[in-house]
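Asker: pasting the sequence and the predicted model now:
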Amino acid sequence: MNILKFFDPPASKPLLPQEKIDSEYKRMRLKVFLGAFLGYAAYYLVRKNLALAVPGMIKPVAEGGLGYTKLELGIALSAIGIAYSFSKFIMGAVSDRSDARKFLVIGLLLSSALMMSVGIFPFATSSVAIIFVFMLLIGWLSGMGWPPCGRVMVHWFSQNERSFKMSIWNTSHTFGSGMLGNLATAGVALIGGLFVADVAGVTVVQSWRAVFVFPAAVAMIIAIFCWWALRDRPEAHGLPPIDRHRNDFTAVKESKSGEKIPVKELFVKYIFTNKVLWLIALANIFVYLVRYGIGDWAPTYCQEAGLLTPEQSNLAFSLHNYAGIPGTILCGLISSKLFKGRCAPANFIYMILVMLSVLLYWKAVPVAGFMSGLFGTGIDVTRITIVYTALMLIGFFIYGPVALIGVQAVNLVPKNAAGTAAGFVGLFGYLIGDALLGKAVIGGVASSSWGWNGTFWIFIIGSLLAAIFSATTWKKEKAACAV
């Protein structure tokens, strides 16, 4: 069987009787939305596992760790961002020509199996180079998550509802990341004792391995649900295109919904010569620097700085991500209702608020001292509360721009170029913002004489630059997306 033919989109079917279209559209939109939401959330159960395992892995071998440094594991962490940045771009182009259901489910099953292998087989963590390779492969397979979801969302939801509906859908990755923190803690408690190693004749427990295994098993179960729920396009289900059904057409000229745009036209006409798309991509670099620089290093920073215990750090990681759910939805509402579907104004406002929240996170200890003296509360409880609050505020505000930058990208191109546009913007965010700046640079700076204080200066400058680049698209976006 030709593998490329296997992924071909399903053919359009004859239209259902007119009296059945409304009810079937309503039923299928809910079903497809749930499939895309849980499917993309599950990809985050097998994306950030290494970040949660780092505190255990940097411990000495005699204490159940592997003795790696933050810089070494920062480099290993960067592999996912490096691979994902290219994969999301390339797989975006492939997904625009593929069945979204097959694409998402197969990628999820393969990435889950690999992440589980990292925890089960000691060989997979025997050197930083091997960990890097595993993360590279997982990062590449992770690129099979967003593009088919983006394809599904633009085919099943029209332009004037898309910023709000996609902002709700985009909380899936914050939901998934939050669940990862909970599942990591549950996995350590339930099966962590099963992972043991012999060190000079002494048996040590490597409970951190459960962080790789348990969430991956849950992701595999979700993949089965997605196979049942997802469908590629309305036309393949006997329904009219969504823009025709809702009478919602935009200024972006549409190709036929099921038509494959020639590769040269796809990249040259709709991607590389799109100036607004380039500005969005530059903003995305700094949004992702803050997103991953804060989130992925939070467990390690909070424990090394003596702010939180390992269990509290996992909870803080989850709260940080869960807070992104209402924050993203509110950002989508602001974009949809206040700015008539434009994303740039909301992104600018949110990134300024991110910068202020980063300041609170950085200065949590002196603020806790001040608050404790002012209200007579215990210093430890006050400190923990402020750290939780700061991370939740960062999560609340950062994930709105993460979502809306993707919405900006897909709104600027025809529906059958949506995955490619999202992948192009993601290439900048994941390769430069995440892998290079958020992982390698932050890990290196944290290990240097500058320490964690140096990383916070990077986060503050990054937040400001993200706001500035978002502002440059304010008027351009309005002209490009005018109806």
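Answerer: All right, it came through fine.

Asker: show me the contacts for the nearest residue to Arg246 once chain neighbours are set aside.
Answerer: Closest residue to Arg246 apart from its sequence neighbours, by Cβ to Cβ, 6 or more residues apart in numbering: Ser158 at 4.6 Å. The way it works is simple: take the backbone N, C-alpha and C, and place the C-beta from them, glycine included. Shown in contact with Ser158 (Cβ atoms under 8 Å, 6 or more residues apart in numbering): 242-243, 245-246, 248.

Asker: likewise Lys13?
Answerer: Counted by Cβ under 8 Å, 6+ apart, Lys13 has contacts 235-238.

Asker: repeat that with 7 Å
Answerer: For Lys13, the contacting residues are 236-238, by Cβ atoms under 7 Å, 6 or more residues apart in numbering.

Asker: same check on Phe212?
Answerer: Here Phe212 is in contact with 49, 53, 115-116, 118-119 (Cβ under 7 Å, 6+ apart).

Asker: of all those, which two lie farthest apart?
Answerer: Largest separation among these by Cβ to Cβ: Ala53 and Met116, giving 13.1 Å.

Asker: same drill for these two, tell me which one is more crowded.
Answerer: Remark: of Ala53 and Met116, Ala53 carries more neighbours, 27 against 21, as counted by other Cβ atoms under 10 Å.

Asker: surely the more buried one is within a helix?
Answerer: Yes. Counting by DSSP: H, G, I helix; E, B strand; the rest coil, Ala53 is found in a helix.

Asker: is it true that it touches Trp208?
Answerer: Yes. Between Ala53 and Trp208 there is a contact under Cβ atoms under 7 Å: 4.5 Å.

Asker: what's the longest helix in the protein?
Answerer: helix 379-411 (DSSP state H).

Asker: list the buried residues in that one.
Answerer: Applying a neighbour-count criterion of 16 or more other Cβ atoms under 10 Å, one finds 382-384, 386-411 buried in helix 379-411.

Asker: quick one, the helix or strand that comes right after that helix and helix 379-411 angle?
Answerer: Once the chain leaves helix 379-411, the next helix or strand it forms, by DSSP states H and E, is helix 418-428. When axes from the mean of the first three to the mean of the last three Cα atoms, to 10 degrees is applied, the directions of helix 418-428 and helix 379-411 differ by 140 degrees.

Asker: helices or strands up against the longest helix of the chain?
Answerer: helix 146-156, helix 159-169, helix 275-304, helix 310-322, helix 324-333, helix 344-362, helix 364-375, helix 418-428 (3 or more Cβ pairs under 7 Å, 6 or more residues apart in numbering; DSSP states H and E).

Asker: figure out which of those is closest to Ile75.
Answerer: With distances scored as Cβ to Cβ, the stretch of those nearest to Ile75 is helix 275-304 (13.1 Å).

Asker: show me where pLDDT drops low in the stretch 201-350 of the chain?
Answerer: By pLDDT under 70, the low-scoring segments of the stretch 201-350 of the chain are 248-268, 270.

Asker: what ranges do the helices span in the stretch 51-200 of the chain?
Answerer: 70-95, 100-120, 128-142, 146-156, 159-169, 171-191 (DSSP state H, counting those that start in this stretch).

Asker: any idea which of those is most buried?
Answerer: Ranked by mean neighbour count, these are led by helix 146-156 with a mean of 28 (mean count of other Cβ atoms under 10 Å).

Asker: now do it against helix 379-411: the angle between them, please.
Answerer: Interaxial angle of helix 146-156 relative to helix 379-411 (the same axes, to 10 degrees): 60 degrees.

Asker: follow-up on the earlier one: format the contacts of Ser158 as TSV; extra columns: neighbour count and secondary structure.
Answerer: Putting the contacts of Ser158 into TSV (neighbours: other Cβ atoms under 10 Å; DSSP: H, G, I helix; E, B strand; the rest coil) gives the following:
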residue	neighbour count	secondary structure
Ile242	24	helix
Asp243	19	helix
His245	15	helix
Arg246	15	helix
Asp248	15	coil
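
Asker: in those residues, find the pair that's most separated.
Answerer: His245 and Asp248 (8.6 Å).

Asker: low-scoring stretches of the stretch 351-483 of the chain, by residue?
Answerer: Judged by pLDDT under 70, the stretches of the stretch 351-483 of the chain that qualify are 415-416, 418-419, 476-483.

Asker: quick one: closest of the helices of the stretch 51-200 of the chain to Ser447.
Answerer: In this view, these are compared for proximity to Ser447 by Cβ to Cβ, and helix 70-95 is the closest at 4.5 Å.

Asker: for that closest one, packing partners?
Answerer: Helix 70-95 packs on helix 49-57, helix 128-142, helix 146-156, helix 418-428, helix 442-447, going by 3+ Cβ pairs under 7 Å, 6+ apart.

Asker: out of these, which gets nearest to Val196?
Answerer: Nearest to Val196 among the helices and strands packed on helix 70-95 is helix 49-57 (13.6 Å), distances taken as Cβ to Cβ.

Asker: show me the contact partners of stretch 321-338.
Answerer: 163-164, 167-168, 170-171, 174-175, 177-178, 341-343, 346, 350, 392, 395-400, 403-404.

Asker: what's the spacing between it and its chain's center?
Answerer: Chain-centre distance of stretch 321-338: 15 Å, with Cα atoms, centre = their mean, to the nearest Å.

Asker: and if you look at stretch 440-451?
Answerer: Distance, centroid of stretch 440-451 to centroid of chain: 24 Å (Cα atoms, centre = their mean).

Asker: so Ser172 is in contact with Tyr40, correct?
Answerer: Yes. Using Cβ under 7 Å, Ser172 makes contact with Tyr40 at a distance of 4.3 Å.

Asker: which one of the contacts of Ser158 is nearest to Leu277?
Answerer: Asp243 (21.0 Å).

Asker: quick one: that closest one from Ala11, how far?
Answerer: Separation of Asp243 from Ala11 (Cβ to Cβ, to the nearest Å) stands at 20 Å.

Asker: and the nearest residue to Pro60 once chain neighbours are set aside, its phi and psi?
Answerer: Using Cβ to Cβ, 6+ apart and skipping the chain neighbours, the partner closest in space to Pro60 is Gly67 (5.5 Å). Here is the backbone geometry of Gly67 (degrees, to the nearest 10): phi 70, psi 20.

Asker: near Gly67, how many other residues are there?
Answerer: 12.

Asker: pretty sure it is touching Met57, no?
Answerer: No. In this structure, Gly67 is not within contact of Met57 by Cβ under 7 Å, at 8.3 Å.

Asker: what residues does the closest residue to Leu431 other than its chain neighbours make contact with?
Answerer: Counting by Cβ to Cβ, 6+ apart, Ser85 is the residue found nearest to Leu431 once chain neighbours are left out, at 3.3 Å. Contact analysis of Ser85 by Cβ under 7 Å, 6+ apart lists 426-427, 430-431, 435.

Asker: select only the buried ones of those residues in ChimeraX?
Answerer: Selecting only the buried entries of the contacts of Ser85 in ChimeraX, with 16+ other Cβ under 10 Å as the criterion:
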select :426,427,430,431,435
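
Asker: can you pick out the most distant pair from the contacts of Ser85?
Answerer: Farthest-apart pair in the contacts of Ser85 is Gly426 and Ala435; separation 11.7 Å (Cβ to Cβ).

Asker: Ala421 contacts Val413, correct?
Answerer: Yes. In this structure, Ala421 is within contact of Val413 by Cβ under 7 Å, at 4.5 Å.

Asker: what about these two, which has more around it?
Answerer: When Ala421 and Val413 are compared for neighbours, Ala421 comes out ahead with 31 against 28, by other Cβ under 10 Å.
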